[in-house]
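> Provided below are the primary sequence and the corresponding predicted coordinates.
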Amino acid sequence: MNRRSLLLSAGALSLAACGQPVEPASGADAPLVVGATAVPHAEILEHLKPVLAAQGLEIEIRVFNDYVQPNTQLVEKRLDANYFQTKPYLDEFNAARGATLVTVAGVHVEPLGAYSRKHRALADLPNGAQVILPNDASNTGRSLLLLQSAGLITLRDPASPLQLVRDVTGNPKGLRFREVEAATIPRILDQVDLAVINTNYALDAGLKPRTDALAIEGGDSPYVNYLVARPDNRDDPRIQQLAAALRSQDVKDFIASKYDGAVIPAV
C-alpha cells in the first residue's frame, strides 16, 4: 500500500473510531486486528499481509495518527495487538492509565532525530533558539538525551531516559524548550529553530533522517519498537505467528531496502 492509501485509511479509521467500540472476532480463523502508525509500522505490516495469508493468517491493519488510541483501543479489546511503540512509552502508558499491556517481540529501532529548516548545523543555532520536543515523558527524556549527546545541554542524570526539561542543568545557548504532541511537530518545523521528531513522523513528512537530521541517535539506541498485546492474549498462536514474521529475515531485508538506514532491525 502506498503512503497516500495509508493516509486515506487513517482518515477513514479515525471516523470509524468515533462510533461504538467494535471488539475483534476471536478464534483461530478470525483476522488478527492490529493497530499501527502509518510509517513504517503499517507499511511493514502491509508487506507481511500476503506472506501471512499464505500461512493461513489474515491480518486487519488499523492505522492511527497518534500514540494514545492504539493503546487505549487495545486495552478496550477493540484491537488484538498494536505495533508502534517503545517499551519506555509503554511503561509510561501503563503507569498513567493503570493498564497492563505487555511486549511480545522487539522488531526495529527508529533513531530519533533533531531537524531544522532554518539552520544547516547545530553550531548555527542562535542564543535563545526555540526547540520543540515531543510532549510525552518517554520521548521528552529521549529527546533531551539526544541534545545532550550533541553537546547542546547537560542533564542532572546523564543517563536517565525519563528526565524533564527542568532536569536541564547546563544550557549555554539558553535554548527555549516547548513540548508539543509528537504527531504535530513536523507541521511546525518551519516555525522553529530546531525540532526533535520521531522517525515515523519524520518519514511521513518526507524527511530523510540520515541526511536531513542535524543530530540523530546511533544504531545502538535502546528504543526498540515492539509488537504489543494484552496479558490475556499474548500467547494467542496468531499473535505469536505475527511476532515471528515481524522478526524474520524477510522483514529485515524489507526494512533495509525501503528505509535506507532510517529504520534499523532490532538485534
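It's in. Numbering: from 1, shown residues only.

> I'd guessed Arg176 sits against Gln130; true?
Yes: using Cβ atoms under 8 Å, Arg176 is in contact with Gln130, at 5.1 Å. Heads up, the C-betas are built off the backbone N, CA and C, glycines and all.

> return the set of buried residues in the longest strand anywhere in the chain.
Longest among the strand segments of the chain by residue count, using DSSP state E, is strand 102-109. Residues Thr103, Val104, Ala105, Gly106, Val107, His108, Val109 are the ones in strand 102-109 that count as buried (16 or more other Cβ atoms under 10 Å).

> so in that sheet, which strands flank that strand, and in what orientation?
For strand 102-109, the paired strands and their directions (DSSP bridges) are strand 224-229 (antiparallel), strand 264-265 (antiparallel).

> and stretch 237-256, average pLDDT?
Throughout stretch 237-256, pLDDT has a mean value of 97.

> which positions in it come out as buried?
Those would be Arg238, Ile239, Gln241, Leu242, Ala243, Ala245, Leu246, Arg247, Val251, Lys252, Phe254, Ile255, for stretch 237-256 by 16+ other Cβ under 10 Å.

> next one: stretch 144-155
By neighbour count on 16+ other Cβ under 10 Å, the buried set for stretch 144-155 is Leu144, Leu145, Leu146, Leu147, Gln148, Leu152, Ile153, Leu155.

> if we can go back for a sec, for the next helix or strand along the chain from the longest strand of the chain, give me every contacting residue.
Towards the C-terminus, the helix or strand next in line after strand 102-109, according to DSSP states H and E, is strand 113-115. With Cβ atoms under 8 Å, 6 or more residues apart in numbering as the contact definition, strand 113-115 has outside contacts at 122, 143, 146-147, 150, 189, 194-197, 199, 202, 207, 209, 212-217.

> quick revisit: mind putting the buried residues of stretch 237-256 into JSON lines with distance to Asn135 and secondary structure?
Supplementary listing: the buried residues of stretch 237-256 in JSON lines, determined by distance: Cβ to Cβ, whole Å; DSSP: H, G, I helix; E, B strand; the rest coil:
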{"residue": "Arg238", "distance to Asn135": "34", "secondary structure": "helix"}
{"residue": "Ile239", "distance to Asn135": "30", "secondary structure": "helix"}
{"residue": "Gln241", "distance to Asn135": "36", "secondary structure": "helix"}
{"residue": "Leu242", "distance to Asn135": "30", "secondary structure": "helix"}
{"residue": "Ala243", "distance to Asn135": "30", "secondary structure": "helix"}
{"residue": "Ala245", "distance to Asn135": "33", "secondary structure": "helix"}
{"residue": "Leu246", "distance to Asn135": "28", "secondary structure": "helix"}
{"residue": "Arg247", "distance to Asn135": "31", "secondary structure": "coil"}
{"residue": "Val251", "distance to Asn135": "31", "secondary structure": "helix"}
{"residue": "Lys252", "distance to Asn135": "32", "secondary structure": "helix"}
{"residue": "Phe254", "distance to Asn135": "32", "secondary structure": "helix"}
{"residue": "Ile255", "distance to Asn135": "28", "secondary structure": "helix"}
